[in-house]
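Asks: next comes the sequence, and after it the predicted model I'd like to discuss.
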Amino acid sequence: DMYGRRCVTRTYQVERKFAGLVIGTKGAGIRELEKIAGVVNVRFDSRREGETCPLTVKATSEDVCDAVYNEVQERIDFTKQKKRIFSKAPRPPVTQVYIEIEENMKICLKPKSDVQNSKIITRDATVKRYGNKETFLFSGYEVQGLEDGLDRLQIASDQAVKLDWMQMNMEDLKGTLNAAFKKMNEEERKTFDFNVSPGKFTFVCNNERGRKYIVPDKNGNVGKECFKAKNIAPVYSNALKRNIYPEVTRNLQLLGFSNLNEGSPEQFTIVHLLAGENQERFSVVLALDENLEELSEKSDQRLSEEKKKAIEDVFKAKTIHEVMGNTHLYPKIAFHKLSLLLHPDKNSHPGATDAFKKLQHAYQEMLAGKSNSAKSLDIGSVPQPKTDIKPPKVISVKVQKRKVANITFFSSRILDMRVALTTFREDPTRLTNHIRDVLNECWDKRDPEGGILTPEGRSGIFIQCLKQVTAGHIWVKPIETKYGETVLQVRVKEMREKIENQRDWQECVEIDMTIIMEEQEKEHMEDEKLASYIMEIRKVW
C-alpha cells in the first residue's frame, strides 16, 4: 500500500438478503469493518445480479481478511439466532412514532403494513440502503377531528382549509429560494427546472417495541436533526398508485384544465445511470416508442399524420394568427400545444426545424403586441418527408444534474407536496460510444412490454433508475397571479419503474406541476415571485 506494507486481497460471497447487515446505516457497517487492525479497505458490491454479493477485503495478511469475514458471519449468525428466538413469540405491540407539531397535537406514523388505503408506492430498493429497517407511513393525527381523509384523493379548491405540520413562513420560503438562486451560474439561471410533485414522506426506522416521539427544536421546527436524533430517515416518495389516475384527470377537468395531447400521449424511457471511472451521473431519454424495431413511417410517433399536417399548416400560413392555429387560446398555451407537434425532438419531418422557428417568430410577435394580421416569417415551401426513418434510440442526455433546492409541504390531506429546483446541462457528446452501445444492446433485448434490461455488471455501467412512460398527458390552465396572467402545467405520467437491483417492474403514476416560463423570465426570476407561483400551485392541489 502507500505505506510500503505488503497487502493481500481476498473476496468472499455473502447472501444478498444479508447485504443490509454488511453495509449498515449509510455505510456504518463497512466503516466498522475497516476499523479492524490490519485492514486497508473493504468493498461490498450489492449492485451485481445473483443470490450472493462479493465482499472484497484488502489487508496486511490473509488472517486479517478472514477476521473481517468472520465478523460478518457473526452478525449474520446473531440475526438468525434472534429470528429463531422471537419467531414463536407473540407479536409485539404495533410500533408507533409520534411527531409533536404543537401542544396536545401529534402526527402518528405506523409501519406500512398497518396503514390502510395509502395512495403512494414505497420504493423498497431505496429503503434497503438504510439496512435492515422498516418503512413507516403517515397514519393520522392523535387529536380527534384532524384525521386525514384516507378514503379518496382530494384536490383542493381555493377556499379549502389545509392543515400543515407547522405554519409556513413566507420569509423562510423566499430565503430558501434566494439561496438556491445564488448556487446557480448565469447559464443555469436561464434553464433551471422548476417542478412541484405531489407525494408523501415515508420514514425509515427500526421496528422496535414501544413509541418514539419527535419533538420540535427551540424554534418550533421539525427538521432533519430531530429525526436523526431518533435514528429515523425521512424519504419522500412521488410514485403514486395507478388507481388514482381516473380521479386526478376528472378533477383536472373540473378545475378547468385542458389536455394538450389527449390523442397522442408521450411515450419514452428515462434511464438514470452511473458510468466511467468517476461514476459520472447521466439522465438519458431513449426512443419515443416501445416497439422501435417494428416502426414504419406510419407508426412513427414523431411523424404521425397530425404532425405532418401541423408542419404543412405552418408552412402555408401567411399571418402570425394563422401560424398560431387561428385559435383564441391564450398565446402561451397555443404556443405550447403547437410545440408538442412541431419541435424537432418530437417531429422527425425535415421541415420541423424551420416550422418551429416560424412558430417562435409568430409567438414573439404576438407578445410584442402585433396584430393578428401581421405577416409571418417566410421559410419557403414545405420539404417532403423522408421514408423509413426510425427515431433515434438516444434522444436526450443530461449531465451535471443537481438539485439546488428541495422544499416539502406537509399537509393533513392525503398527499404532501415537494418543490424542486434542478439545474443540468444538455450534452449528448458526453455519452461515450461504450455507454451508447450498452444502452442500445439493452434496448434490443427489451421485454415484450418495451422495458429494457439492466446491463451486466462487467459493463461498468450501473443503472440507478429505469422509468418507462407509457402515456404522458400534459394539462394546462391560465391562472391570474399578482404578476399577471401565466400558465400552470400539470404533467401526468402513467409509467412503470425499476429502482437499482429491483427485479420486477412497478406500475405507478407520477405528477409534475410547473409554471410555464420563458428563458428570459427564468433569467430574471426573483425569490418573491417564485414563492408566489408555488403558493398558486398549492391552491390547486
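Replies: All right, it came through fine.
Asks: with just CA atoms, put the host helix or strand of residue 333 into PDB.
Replies: Element membership for residue 333 (DSSP states H and E) is helix 331-342. Written as PDB, here are the backbone C-alpha positions of helix 331-342 (Å, rounded to 0.1, in the frame of the first residue of the first chain):
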ATOM      1  CA  PRO A 331     -51.000  32.700 -26.700                       C
ATOM      2  CA  LYS A 332     -48.700  30.800 -24.300                       C
ATOM      3  CA  ILE A 333     -51.000  27.800 -24.300                       C
ATOM      4  CA  ALA A 334     -51.400  27.800 -28.100                       C
ATOM      5  CA  PHE A 335     -47.600  28.000 -28.500                       C
ATOM      6  CA  HIS A 336     -47.000  25.200 -26.000                       C
ATOM      7  CA  LYS A 337     -49.600  23.000 -27.700                       C
ATOM      8  CA  LEU A 338     -48.100  23.500 -31.200                       C
ATOM      9  CA  SER A 339     -44.600  23.000 -29.800                       C
ATOM     10  CA  LEU A 340     -45.600  19.400 -28.900                       C
ATOM     11  CA  LEU A 341     -46.300  18.800 -32.600                       C
ATOM     12  CA  LEU A 342     -43.500  20.900 -34.200                       C
END
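Asks: who touches that helix?
Replies: For helix 331-342, contacts defined as CB atoms under 8 Å, 6 or more residues apart in numbering pick out 258, 260-261, 306-307, 310-311, 314, 324-325, 327, 329, 346-347, 352, 355-356, 359, 363, 366-367, 474, 476, 478, 486-487, 489, 516. (C-beta placed from N, C-alpha, C; glycine too.)
Asks: buried stuff in the next helix or strand after it?
Replies: Where DSSP H and E defines the elements, the next helix or strand beyond helix 331-342 is helix 352-367. The neighbour-count check on helix 352-367 (16 or more other CB atoms under 10 Å) flags 352, 354-356, 358-359, 362-363, 365-366 as buried.
Asks: re the thing from before, got the angle between the helix holding residue 333 and helix 352-367?
Replies: 180 degrees (axes from the mean of the first three to the mean of the last three CA atoms, to 10 degrees).
Asks: and helix 331-342, how far out from the chain's middle?
Replies: Offset of helix 331-342 from its chain centre (CA atoms, centre = their mean, to the nearest Å): 25 Å.
Asks: next one: stretch 439-447
Replies: With CA atoms, centre = their mean as the basis, stretch 439-447 stands 23 Å off its chain's centre.
Asks: just the buried residues of the contacts of helix 331-342.
Replies: 258, 260-261, 307, 310-311, 314, 324-325, 329, 346-347, 352, 355-356, 359, 363, 366, 474, 476, 486-487, 489.
Asks: sec struct for residue 37, please.
Replies: Recorded secondary structure, residue 37: coil (DSSP: H, G, I helix; E, B strand; the rest coil).
Asks: how far away is it from residue 202?
Replies: Using CB to CB, to the nearest Å, residue 37 is found at 39 Å from residue 202.
Asks: now residue 71
Replies: Distance from residue 71 to residue 202, by CB to CB: 31 Å.
Asks: out of the two, which sits in the more crowded spot?
Replies: Taking other CB atoms under 10 Å, residue 71 and residue 202 do not tie; residue 202 has more neighbours (23 against 15).
Asks: that one bridge partners, please.
Replies: Using DSSP bridges, the beta-bridge partners of residue 202 come out as residue 235.
Asks: and stretch 237-245, how far out from the chain middle?
Replies: The chain centre lies 13 Å from the centre of stretch 237-245; the measure is CA atoms, centre = their mean.
Asks: okay, and for the stretch 101-250 of the chain, where does confidence drop off?
Replies: The model of the stretch 101-250 of the chain has pLDDT under 70 over residues 101-107, 115-132, 138-169, 207-211, 216-224.
Asks: for it, just list every one of the helices.
Replies: Using DSSP state H, counting those that start in this stretch, the helices of the stretch 101-250 of the chain run over residues 124-127, 170-182, 186-191, 224-228, 245-254.
Asks: nearest to residue 272, of these?
Replies: Of all the helices of the stretch 101-250 of the chain, the one in closest proximity to residue 272, counting by CB to CB, is helix 124-127 (12.6 Å).
Asks: same question for stretch 29-42, mean pLDDT?
Replies: Per-residue pLDDT over stretch 29-42 has a mean of 88.
Asks: now swap in stretch 67-78 and tell me
Replies: The pLDDT scores in stretch 67-78 average 87.
Asks: in it, what's buried?
Replies: For stretch 67-78, burial by neighbour count (16+ other CB under 10 Å) applies to 67-69, 72, 75-76.
Asks: let me have the residues you listed in CSV, extended by distance to residue 503 and secondary structure.
Replies: Listed next are the buried residues of stretch 67-78 as CSV, based on distance: CB to CB, whole Å; DSSP: H, G, I helix; E, B strand; the rest coil:
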residue, distance to residue 503, secondary structure
67, 34, helix
68, 29, helix
69, 27, helix
72, 24, helix
75, 25, helix
76, 22, helix
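Asks: and those, which two are furthest apart?
Replies: 67 and 76 (15.2 Å).
Asks: right, and the helix or strand after the longest strand along the chain?
Replies: Using DSSP state E to define each element, the chain has its longest strand at strand 461-481. Using DSSP H and E, the helix or strand that follows strand 461-481 towards the C-terminus is strand 484-499.
Asks: average model confidence for the very next helix or strand once past that next one?
Replies: Under the assignment DSSP H and E, the closest C-terminal helix or strand after strand 484-499 is strand 506-515. Average pLDDT, strand 506-515: 92.
Asks: kindly calculate the angle that strand 506-515 makes with helix 245-254.
Replies: Between the axes of strand 506-515 and helix 245-254, defined by the same axes, to 10 degrees, the angle is 20 degrees.
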